[in-house]
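[1] structure, please.
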Amino acid sequence: MKNAILLILLSSFLAGCIYADVQRPLGTEFNKTELGSKVGESSNKSLLWLVAWGDAGTKSAATNGNITVIRHADVRIFSVLFGLYSQSTTIVYGD
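    A predicted model of the protein is given here:
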């Protein structure tokens, strides 16, 4: 019984530590969300917790998608082995 409880506690604390790939919205107002006809993305990456590169800003994502009016934005987080490699991508939608 104690082993089962310990296993449940450990799995809840370590969820997503080996592999995680999640996407969530950056905004909280969804009453009248319009995505628009264009999509742009920008990313930054890090490796071994030592080096990081890239620009995951909304301006960079809008420029990459040829977007002048941003209507909605999401962020996607990808991580492997406690963050040994991770990538954060900003996704913007608009016109």
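[2] spatially central residue for this protein, please.
    The residue lying closest to the centre of the chain (Cα atoms, centre = their mean) is Arg76, at 2.1 Å.
[3] just checking, that residue touches Asp21?
    Yes: using Cβ atoms under 8 Å, Arg76 is in contact with Asp21, at 7.5 Å. The C-beta positions use only the backbone N, C-alpha and C, and glycine is treated the same way.
[4] pretty sure the residue nearest to the centre of the chain sits in a strand.
    Yes: using DSSP: H, G, I helix; E, B strand; the rest coil, the secondary structure at Arg76 is a strand.
[5] that one pairs with what?
    Per DSSP bridges, residues listed as beta-bridge partners of Arg76: Gln23, Thr89.
[6] what residues does it make contact with?
    For Arg76, the contact set (Cβ atoms under 8 Å, 6 or more residues apart in numbering) comprises 21-23, 87-89, 91.
[7] possible to save these as TSV with neighbour count?
    Output for the contacts of Arg76, formatted as TSV (neighbours: other Cβ atoms under 10 Å):
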residue	neighbour count
Asp21	11
Val22	10
Gln23	11
Gln87	17
Ser88	17
Thr89	18
Ile91	21
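[8] could you dump those to CSV with distance to Leu47?
    CSV is the format used below for the contacts of Arg76 (distance: Cβ to Cβ, whole Å):
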residue, distance to Leu47
Asp21, 17
Val22, 20
Gln23, 21
Gln87, 10
Ser88, 13
Thr89, 16
Ile91, 22
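[9] now, which of the residues you listed sits nearest Ser42?
    Thr89 (7.1 Å; Cβ to Cβ).
[10] contacts only, for Phe78.
    20-21, 86-89.
[11] likewise for Val69?
    Here Val69 is in contact with 36, 94-95 (Cβ under 8 Å, 6+ apart).
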